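Trainee: dropping a prediction and its sequence here:
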Amino acid sequence: MRPPDPAVARRLCGHIDASPSPYHAAAHAEEILVAAGFTPVDRRRPWPPGPGRRLWREGGALVAWIDGPDHGPATGFRIVGAHTDSPNLRVKPRPDTASAGWRQLGVEVYGGVLLNSWLDRDLGLSGRVSLAPGDGDPGVTTRLVRIDRPILRVPQLAIHLHREIDSEGLKLDRQRHLAPVWGLGAGDEGAFRRLLAAELDVDPGRILAWDVMTHDTAPSRLVGPDEEFVSAPRIDNLASCFCAVETLAALDPDAPRPHRPAVALFDHEEVGSVSATGAAAPLLVELLERTVAAAGGGTDELHRTRADTVVVSADGAHATHPNYAERHEPEHRIAVNAGPVLKVNANQRYASDAVTSAVFLTACERADVPHQVFVNRTDLACGSTIGPTTAATVGVGVVDAGIPQLAMHSAREFAGSHDPGWFAAVLAAFYED
Ligand code: ZN
């Protein structure tokens, strides 16, 4: 068996901290790939012909691929897909509110948030801002913004004022109980806009719109007496994003391989993938069509390429929780630091089938990495991934797999420090398939 390599998990902590929003995740992935020799492509211009290592980034999405000298117009792809977004609190368009002498920010709940996990944490803000022309910019520009200072807090109600919490549990109203406090005084219309303007060093009047969200400012780290675990936000699904990106970046560009290796990072998985940068958009269809056309192929080559393509839909898996073991399927227990997890669901919440599962399992074998197989209890509703949407949108075989974790969708998640390195090794073997 391949020995564990916790250095991958340690680097993952840095990647996660560099990626508080999907936009930052895609930009950070681009940085890693460009440093490895990948060239950004402008989708608005003709596709570059001939071999090369290329990428494009759009908002919170990124697609990167290697076109080798040995690849023809009908050569399929080996694609690892993942998502850059995570559940969190997002700032409303008119966020400046106040209550009982406290200044607060109006927020919307994004995705399936474990609401309690955002209480009593030091929160920062990140995302992107659109600016009107000015300061030498002739047109509208969009800039990333990131505030790692702990400027927000959602304080929990004291137990003395909430005695029924023991008998009834914590019930949080999304509209009333999640607005972070960030100052004292009356409502101050424009305060949030001025904060963004100061961060970006522009006039507040230039700010047109924003996609800005909260993040936990505590750094990610390895924890446990032997650093066996990863404590971090957004393990779902930045762990998959960066295992895939690091693996693609490290491939020898000159080595011959039977298929074109690629990474596809999508936004908006946590809200159903239906957006221009989500997995329901035809981004991979575009990759296939334009690559085939640039290689001189037509419709027949396009369909041959599609039939020769396999996608690993990489996303977090549920490890068996020690305090809630009965919530898990008893014959499919999943442990952390026991290898990547193949995820199966007969109702197609995961896209794996016998044929695509075999692709993943043989990659584990070639990488000499242990694996596990997850299936949900059949009396509990199963989560989903970009897998089924990708399979239906692109018309290709997809297998769902990922590293096991606890506390999925908490502001702070928990995984094993051996699994990211093993998963990356399996993805490297998949790329050579
Ligand atoms: Zn996920």
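Mentor: Noted; the coordinates are in hand.
Trainee: mind checking the SS state of the closest residue to L248 other than its chain neighbours?
Mentor: Residue nearest to L248 in three dimensions, not counting chain neighbours: V263, with 4.9 Å by CB to CB, 6 or more residues apart in numbering. Every C-beta, even on glycine, is put in place using the N, C-alpha and C of the backbone. When classified by DSSP: H, G, I helix; E, B strand; the rest coil, V263 comes out as strand.
Trainee: could you do L288 as well?
Mentor: Three-state call for L288 (three-state DSSP): helix.
Trainee: again, but for D400
Mentor: Assignment for D400 (three-state DSSP): strand.
Trainee: check contacts around it.
Mentor: By CB atoms under 8 Å, 6 or more residues apart in numbering, D400 lies in contact with 313, 315, 342-344, 350-352, 385, 387.
Trainee: what's the farthest-apart pair in those residues?
Mentor: Based on CB to CB, the longest span within these runs between D315 and V344 and measures 13.5 Å.
Trainee: of these two, who's got more company?
Mentor: A side-by-side neighbour count of D315 and V344, using other CB atoms under 10 Å, places D315 first with 27 against 21.
Trainee: let me know the outermost residue of the protein.
Mentor: The outermost residue of the chain relative to its centre, with distances by CA atoms, centre = their mean, is H160 at 39.0 Å.
Trainee: ok so that residue is a helix residue?
Mentor: Yes - using three-state DSSP, the secondary structure at H160 is a helix.
Trainee: relative to the ion, how far out is R121?
Mentor: Distance of R121 to the ion, computed by CB to the ion, to the nearest Å: 21 Å.
Trainee: wait, R2 touches V369, no?
Mentor: Yes - with contact defined as CB atoms under 8 Å, R2 counts as touching V369 (5.4 Å).
Trainee: list residues touching both of the two?
Mentor: Common neighbours of R2 and V369 are listed as 422, 425 (criterion: CB under 8 Å, 6+ apart).
Trainee: the more surrounded of these two?
Mentor: Using other CB under 10 Å, the more surrounded residue of R2 and V369 is V369, with 22 against 15.
Trainee: so who does the more buried one touch?
Mentor: Neighbour list for V369: 1-2, 339-340, 422-423, 425-426 [criterion: CB under 8 Å, 6+ apart].
Trainee: the residues you listed: which two are farthest apart?
Mentor: Pairwise distances across the contacts of V369 peak at 14.5 Å for M1 and F423 (criterion: CB to CB).
Trainee: neighbour-wise, which of the two wins?
Mentor: Shown here are M1 and F423; by other CB under 10 Å, F423 has more neighbours (30 against 8).
Trainee: quick one, what contacts that one?
Mentor: With the criterion set at CB under 8 Å, 6+ apart, F423 makes contact with 239-240, 243, 314, 340, 369, 401-403.
Trainee: can you do 6 Å?
Mentor: 243, 340, 403 (CB atoms under 6 Å, 6 or more residues apart in numbering).
Trainee: in this structure, what secondary structure element scores lowest on mean pLDDT?
Mentor: One helix or strand of the chain scores below all others by mean pLDDT, DSSP states H and E: helix 165-168, with a mean of 92.
Trainee: got the contact list for that helix?
Mentor: By CB under 6 Å, 6+ apart, no residue outside helix 165-168 reaches it.
Trainee: please apply the same query to stretch 260-269.
Mentor: 22, 60-67, 71, 75, 77-85, 241, 244-245, 248, 251, 275, 277-279, 284, 386, 431.
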